[in-house]
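Trainee: Make a model of this:
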Amino acid sequence: MIARHFRLVVAVVAALTASACQNAKPPMQKLPEISFANLRPFQLDVGQLEIVSEFVATGRAPHIEHLMPVSPEGAAQRWAQDRLKPVGRTGTARVVIKDAKVVEVPLAIDKGISGAFKKEQELRYEAALSVAIQILDQRGMIQGETMAQASRSRTVAEGITLNERDRVLYDISESLVKDIDQQMAQLIQGYLGRWVR
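Mentor: A predicted model of the protein is given here:
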């Protein structure tokens with residue numbers, strides 16, 4: 001009788017241990033901050049910097065911006081704070097985030113017997129970032145404007161872990177905003193040069 005109870009206790013403990021191991025999540029990875037603080041900022045002859053977003057995230061599929069470790073919108077805001085420095089007395093440099101979407105597109109995969117023996121691309125992420133800089137006078141009238149656009153598309157294989165997925169999404173945001181920075185480095189000099197000190 002005692003041996004029977006002992007075997008039952010051992011079986012319950014083993015089942016609970018196995019269940020705990022299956023439910024254990026991998027530790028969340030710490031991704032670096034997307035920053036442009038290491039680059040010399042554009043010193044603009046305006047009194048203030050304003051960042052406005054015209055992009056409205058839906059918060060539902062197929063949009064996934066709200067699930068990303070760093071959204072393109074957040075990366076663009078950080079870019080503006082790091083790279084544009086108001087050093088004048090009047091006027092405003094307004095950064096307008098016009099688009100910052102990321103959508104998840106399911107891809108067709110082989111669900112037959114042969115599909116069990118191969119790893120296929122399961123999802124495609126399609127992303128776009130569009131950022132404008134406007135120079136406004138004291139009355140709020142636009143005196144100068146330029147805009148940069150970037151896009152990215154990336155597929156991922158089935159069975160990807162959450163940490164791997166977060167890294168892919170982080171890389172997408174980082175790539176988009178770096179493209180914007182490279183374009184703006186030329187556009188600001190070309191179209192807003194009279195406000196650059």
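
Trainee: where's residue 88 relative to residue 44, distance?
Mentor: Residue 88 sits at a distance of 7 Å from residue 44 (criterion: Cβ to Cβ, to the nearest Å). Any C-beta I mention is one placed from the backbone N, CA and C, and that applies to glycine too.

Trainee: ditto for residue 181
Mentor: 15 Å.

Trainee: More neighbours: the two, which one.
Mentor: residue 44 (23 against 18; other Cβ atoms under 10 Å).

Trainee: for that one, which residues make a bridge with it?
Mentor: residue 86, residue 196 (DSSP bridges).

Trainee: hmm, back to that, which residues are in contact with each of residue 88 and residue 44?
Mentor: By Cβ atoms under 8 Å, 6 or more residues apart in numbering, residue 88 and residue 44 have these common neighbours: 195, 197.

Trainee: which of the residues in the host helix or strand of residue 146 are buried?
Mentor: Residue 146 belongs to strand 142-157 when assigned by DSSP states H and E. Buried residues in strand 142-157, counted by 16 or more other Cβ atoms under 10 Å: 144, 146, 147, 148, 150, 152, 154, 156.

Trainee: Any figure for the gap between the residue most central in space within the chain and residue 46?
Mentor: Using Cα atoms, centre = their mean, the residue of the chain that lies closest to the mean C-alpha position is residue 71, 2.9 Å off. Between residue 71 and residue 46 the distance is 27 Å, computed by Cβ to Cβ.

Trainee: you'd agree residue 90 is up against residue 46?
Mentor: Yes - here residue 90 reaches residue 46: they are 7.3 Å apart, a contact under Cβ atoms under 8 Å.

Trainee: Looking at these two, which one has more neighbours?
Mentor: More crowded of residue 90 and residue 46, by other Cβ under 10 Å: residue 46, with 23 against 11.

Trainee: any chance you could read off phi and psi for the residue nearest to residue 151 when sequence neighbours are not counted?
Mentor: Sequence neighbours aside, residue 128 is the residue nearest to residue 151 in space, at 4.7 Å (criterion: Cβ to Cβ, 6 or more residues apart in numbering). Main-chain torsions, residue 128, degrees, to the nearest 10: phi -140, psi 140.

Trainee: give me the element residue 77 is part of.
Mentor: helix 72-83.

Trainee: can you give me the mean pLDDT across that helix?
Mentor: Average pLDDT, helix 72-83: 98.

Trainee: Give the buried residues for that helix.
Mentor: Quick answer for helix 72-83 (16+ other Cβ under 10 Å): 72, 73, 74, 75, 76, 77, 78, 79, 80, 81, 82, 83.

Trainee: and that helix, what does it pack onto?
Mentor: strand 48-53, strand 92-99, strand 121-136, helix 162-191 (3 or more Cβ pairs under 8 Å, 6 or more residues apart in numbering; DSSP states H and E).

Trainee: Fine by me, thanks again.
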